[in-house]
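I'll drop the sequence and a predicted model, then ask my questions.
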Amino acid sequence: IYKNDEQFQIGKAKIVKQSANDQVLVIGAGVTLYEAVKAAEQLAATGVNIRVMDPFTIKPLDWAAVQNHSAACGGRVVTVEDHYPEGGLGDAVLASLATVRNTVVKKLAVNAVPRSGPPAELLEMFGISASHIVRACNDI
């Protein structure tokens, strides 16, 4: 996703995919960021544009970026994380949007005991793959 010389700043998010008519903000980190980019490409092929954000850090989370980009996408947000939903990215995003009216957040996370296996199969099994992100964006 990034070149080797990309600069990052603690507490500052990066937008990795965006258009003027994005309908959903998808926030992912690490492997789920890659899945979000794949989902954006699949959705674009059907005429649905999404904005993809890399928060870089969750503590501190870039609240201004989350709030501004959420508003630009009509208040529709999907978070996707590769661990349990409690206390992670989704909860941090929810906190940043708690006082923002007309916003809905759908959290995708691992909701079962983790196990080992082929990465693509695990992403699908735990509901955090590109196909699940596509479904969440269409549902929201």
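Structure received.

contact partners of the helix or strand bottoming out on mean pLDDT in the chain?
When the helices and strands of the chain are scored by mean pLDDT, DSSP states H and E, helix 119-125 comes last with a mean of 95. Residues from elsewhere that reach helix 119-125, judged by CB atoms under 8 Å, 6 or more residues apart in numbering: 31, 35, 82, 115-117, 129, 131-132. C-beta here means a position set from N, CA and C on the backbone, and glycine is covered the same way.

repeat that with 7 Å
35, 129, 131 (CB atoms under 7 Å, 6 or more residues apart in numbering).

pLDDT of the helix or strand that contains Gly90, averaged?
In this assignment (DSSP states H and E), Gly90 forms part of helix 89-96. On average, the pLDDT along helix 89-96 is 97.

what is that helix packed up against?
Using 3 or more CB pairs under 7 Å, 6 or more residues apart in numbering; DSSP states H and E, the elements in contact with helix 89-96 are helix 63-72, strand 76-80, strand 104-108.

if you count neighbours, what's buried in it?
For helix 89-96, a neighbour-count test (16 or more other CB atoms under 10 Å) marks 89-93, 96 as buried.

with stretch 14-26 instead?
For stretch 14-26, by 16+ other CB under 10 Å, it's 14, 16-18, 22-26.

so what's the gap between it and the chain middle?
Put simply, stretch 14-26 sits 10 Å off its chain's centre (CA atoms, centre = their mean, to the nearest Å).

endpoint to endpoint, it covers what distance?
12 Å (CA to CA, to the nearest Å).
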